[in-house]
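Q: Sequence plus the predicted model coming up.
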Amino acid sequence: MTHTCIHWFRKGLRLHDNPGLMAALRDCKELYPVFILDPQLHNKSVGVNRCRFLIGALKDLDLSLRQLNTRLFVVRGKPEEVFPKLFCQWKITKLTYEYDTEPLSLSRDKTVTRLAEEHGIDVVCKVSHTLFDINRIIEENNGKTPLTYKSMQAIVKKLGPPKRPLSAPSMEDLKDVNTPCSESHEKKYRIPTLEDFGHNLADLPEEQFPGGEQEALRRLEEHMKRTAWVCNFEKPKTSPNSLSPSTTVLSPYVTFGCLSVRTFWWRLSDVYEGKKHSAPPVSLHGQLLWREFFYTASVGISNFNKMVDNPVCTQVDWDINSEYLAAWREARTGFPFIDAVMTQLRQQGWIHHLARHAVACFLTRGDLWISWEEGQKVFEELLLDGDWALNAGNWQWLSASAFFHQFFRVYSPVAFGKKTDKNGDYIKKFLPHLKKFPAEYIFEPWKAPQSVQQAAGCIVGKDYPHPIVQHEVVSKKNIQRMKAAYAKRSANTAKSLSKIQGLKRKPSSSVDMLKKKKKNNTSEPLL
DNA sequence: AGCCGTGTTGCGTAG
DNA sequence: ACTACGCAACACGGC
């Protein structure tokens, strides 16, 4: 019992399958579970729903920690300034945390690791946010980033199944561990409120998906009970506009790490066991592999969240049009299906994957010809499951900038929603102004005769906007613009090829990349 | 995991 | 018994 240890929670807001936390408990006499509120990260640019989710997750984490006779310390400030103080104040000898692949996290963690080592502190970093060590996936592919799902599947097959999840720590694991808590804990280390993030509580929408590990595990079990549904799951066959979600909505919990992706994976394997079941890419396992795929791309491809200097991204002459962008963001495009989806996004912080397809296509190559980077920012703010890698990857996919290249496949803002919601009930739910419109006109109210509009109590141009573009006209024009961008792209093939070779990376494990010096490997490999 | 126009097939039914 | 017609479901190709 020699160590005084900080376990640093960032993502991974859970006790189950938390190898970093388990490493903290080894030979530990004093434990400080810490979450850092970084004003550069946690501010009003994070949407109110996301903030609420994070607060819920922190409260739940604190509750679970208290049951183990320890508790959460929420510390305010920049990590590189906060940690040196904590190291001295608490006489820390070990720091543990979960590996994070995002570029900003990597540089932050490198700095903190260096500071810790300057204080003579052991640093332990574990992979548990993804199924596999993403750097291992790239190594397994000879240093090349897989750019297709198929190649990803081949690599994953070679790697074998992901590691089994660890159990949450028990009282036994903490029996010799103490967490010194002062009288002023509530004052100094309290969990933040929405006001702390600069949000106004007045017009807070009802909470649909409360944050936290307990809620995540409850939700997982609720869905895993539906054996046939799990075994038959095919993502493209689920509806983007059902009144209650047609998918699990476990993504926010995975994003914040309230649910371990490996726990999710193995729980699915349990359900599949001995039964006929759907397979990747459409199955639930397949969805987790999509996540892994985009994580890998985000690690292997430079400038992944940008068009310029991103070697896989087609360079497109997107327009700058703040009026169109605002209309899209604020759900006033005049296309009820698009506006209903954007309303659900703002209200609930979650929309179905195919609804994301429809609004993303509409903003970019389909209708408004606005850069996918603008859409990325809006999703980042509003989605509970807004994830750096997945957001950038999927926006590139939908805008046909990378991974997906069938740019002539354009979603209709009218027809697409009709397929799974003939009566427009979804539109009526999120755009109550339109609720009296007959099904015949609800997807295109501007076509309704004046008499119908009057009877519905909703005049287009007064109570609901005219469509901001003529879809049939702009979509045809945009396909031609995409065609030109692609022609230019293939003309530059030689250039691109040399860039793709620049993607090759030296083999090294995740942890080596964070650590300057390699420690003697006495007990176990770090990963 | 697109949409739309066109053409074909197959079925039921009116005459 | 046979044809003509309407309709839905499906296949295909171009964008």
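A: Here it is on my side, so go on.

Q: Under the pLDDT cut-off, which ranges of chain A? List them.
A: Flagging of chain A using pLDDT under 70 yields the residue ranges A:1, A:494-527.

Q: Centroid-wise, who is the farthest residue in it?
A: Outermost residue of chain A with respect to the C-alpha centroid, by CA atoms, centre = their mean, is residue A:451; its distance is 45.5 Å.

Q: So what's the gap between the strand or helix carrying that one and the chain middle?
A: With elements taken from DSSP states H and E, the one containing residue A:451 is helix A:450-456. How far helix A:450-456 lies from its chain's middle: 42 Å, per CA atoms, centre = their mean, to the nearest Å.

Q: name the helices or strands packed onto it?
A: For helix A:450-456, not one helix or strand is in contact under the criterion 3 or more CB pairs under 8 Å, 6 or more residues apart in numbering; DSSP states H and E. For every residue, glycine as well, the C-beta is placed using N, CA and C.

Q: hmm, who's touching the helix or strand just after it?
A: Scanning forward in sequence from helix A:450-456 by DSSP H and E, the next helix or strand is helix A:471-491. Outside helix A:471-491, the residues that touch it by CB atoms under 8 Å, 6 or more residues apart in numbering are A:314-317, A:335, A:365-369, A:400, A:405, A:407-408, A:410, A:412-414, A:496.

Q: what about residue A:279, distance to residue A:95?
A: Distance of residue A:279 to residue A:95, given as CB to CB, to the nearest Å: 41 Å.

Q: between the two, who's got more neighbours?
A: Using other CB atoms under 10 Å, the more surrounded residue of residue A:279 and residue A:95 is residue A:95, with 27 against 11.

Q: can you confirm that one is in a strand?
A: Yes - Residue A:95: assigned to a strand according to DSSP: H, G, I helix; E, B strand; the rest coil.

Q: which residues does it contact?
A: Contacts of residue A:95 (CB under 8 Å, 6+ apart): A:5-6, A:8, A:83, A:112-113, A:116, A:121-124.

Q: Just give the closest residue to residue A:340, not the sequence neighbours.
A: residue A:430 (4.1 Å; CB to CB, 6 or more residues apart in numbering).

Q: quick one, what contacts the one you found?
A: A:339-341, A:343-344, A:347 are the contacts of residue A:430 under CB under 8 Å, 6+ apart.

Q: same thing but at 6 Å, please
A: Neighbour list for residue A:430: A:340, A:343-344 [criterion: CB atoms under 6 Å, 6 or more residues apart in numbering].

Q: Give me the distance between the closest residue to DNA strand B within the stretch 51-200 of chain A and residue A:156.
A: Closest to DNA strand B within the stretch 51-200 of chain A is residue A:149: 7.2 Å, counting by CB to the nearest atom of the strand. Separation of residue A:149 from residue A:156 (CB to CB) stands at 10 Å.

Q: for residue A:347, same thing?
A: According to CB to CB, residue A:347 and residue A:156 sit 36 Å apart.

Q: element containing the residue in the stretch 301-450 of chain A positioned nearest to DNA strand C?
A: For the stretch 301-450 of chain A and DNA strand C, the shortest gap (CB to the nearest atom of the strand) falls at residue A:408, measuring 4.0 Å. Using DSSP H and E, residue A:408 maps to neither a helix nor a strand.

Q: How about it: what's its closest non-neighbour residue?
A: Per CB to CB, 6+ apart, closest to residue A:408 is residue A:479, 5.2 Å.

Q: Neighbours of that neighbour, how many?
A: Residue A:479, neighbours per other CB under 10 Å, totals 17.

Q: before we move on, the earlier item: quick check: phi and psi at the residue of the stretch 301-450 of chain A closest to DNA strand C.
A: When read as degrees, to the nearest 10, the backbone of residue A:408 gives phi -80, psi -10.

Q: go on, residue A:5?
A: According to degrees, to the nearest 10, residue A:5 has phi -130, psi 140.

Q: OK, contacts around it?
A: Contacts of residue A:5 (CB under 6 Å, 6+ apart): A:24, A:28, A:31, A:94.

Q: one more time with 8 Å
A: Counted by CB under 8 Å, 6+ apart, residue A:5 has contacts A:24-25, A:28, A:30-32, A:92-96.

Q: Just want the most central residue of chain A.
A: residue A:387 (2.5 Å).

Q: of the contacts of helix A:471-491, buried ones?
A: Neighbour-count burial within those applies to A:314, A:316, A:335, A:365-369, A:400, A:407, A:410, A:412-414; the criterion is 16 or more other CB atoms under 10 Å.

Q: Which pair in those has the greatest spatial separation?
A: Spatial extent of the buried ones among the contacts of helix A:471-491 (CB to CB) is set by the pair A:314 and A:414 at 27.0 Å.

Q: List the contacts of the helix holding residue A:451.
A: So helix A:450-456 is contacted by A:434, A:436-438, A:441, A:445, A:448, A:459-460 (CB under 8 Å, 6+ apart).

Q: Quick one: these as TSV, columns for secondary structure too.
A: As requested, those are exported to TSV (three-state DSSP):
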residue	secondary structure
A:434	helix
A:436	coil
A:437	coil
A:438	coil
A:441	helix
A:445	helix
A:448	coil
A:459	coil
A:460	strand
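
Q: tell me the two of those that are most distant?
A: Farthest pair in the contacts of helix A:450-456, by CB to CB: A:438 and A:459, 15.2 Å.

Q: What parts of chain A come near DNA strand B?
A: Residues of chain A found near DNA strand B (CB under 7 Å from any atom of the strand) are A:235-236, A:281-282, A:286, A:290, A:353-354, A:357, A:406, A:408-412, A:414-416, A:419.

Q: could I have stretch A:365-384 exported to CSV, CA atoms only?
A: Extracted in CSV, the C-alpha atoms of stretch A:365-384 (Å, rounded to 0.1, in the frame of the first residue of the first chain):
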residue,chain,number,x,y,z
ARG,A,365,-24.2,18.5,-51.7
GLY,A,366,-27.9,18.1,-52.0
ASP,A,367,-29.4,21.6,-51.6
LEU,A,368,-27.6,24.4,-49.8
TRP,A,369,-24.0,23.8,-51.0
ILE,A,370,-22.6,24.8,-47.6
SER,A,371,-19.4,23.2,-46.3
TRP,A,372,-19.7,20.1,-44.2
GLU,A,373,-17.5,21.8,-41.6
GLU,A,374,-20.4,24.2,-40.8
GLY,A,375,-22.7,21.3,-40.2
GLN,A,376,-20.0,19.6,-38.1
LYS,A,377,-20.0,22.6,-35.7
VAL,A,378,-23.7,22.5,-35.3
PHE,A,379,-23.8,18.8,-34.6
GLU,A,380,-20.9,19.1,-32.2
GLU,A,381,-22.9,21.7,-30.2
LEU,A,382,-26.2,20.0,-30.2
LEU,A,383,-25.7,16.2,-30.3
LEU,A,384,-25.4,14.4,-27.0
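
Q: ok now it, how far from the chain's centre?
A: 14 Å.

Q: Return the set of buried residues in that stretch.
A: A:365-384.

Q: Tell me how far residue A:429 lies from residue A:175.
A: 52 Å.

Q: Which of the two has more residues huddled nearby?
A: More neighbours surround residue A:429 than the other of residue A:429 and residue A:175, with 14 against 9 (other CB under 10 Å).

Q: export stretch A:439-451 as CSV, just CAs?
A: Taking only C-alpha atoms (Å, rounded to 0.1, in the frame of the first residue of the first chain), the coordinates of stretch A:439-451 have been written out as CSV:
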residue,chain,number,x,y,z
ALA,A,439,-51.1,14.0,-45.1
GLU,A,440,-51.3,14.9,-48.8
TYR,A,441,-49.5,18.2,-48.3
ILE,A,442,-47.6,18.0,-45.0
PHE,A,443,-44.3,17.2,-46.6
GLU,A,444,-44.7,20.1,-49.1
PRO,A,445,-47.2,22.6,-47.6
TRP,A,446,-46.4,25.2,-50.3
LYS,A,447,-48.2,23.0,-52.7
ALA,A,448,-51.4,23.1,-50.7
PRO,A,449,-54.2,25.3,-52.1
GLN,A,450,-54.9,28.5,-50.1
SER,A,451,-58.2,27.0,-48.8
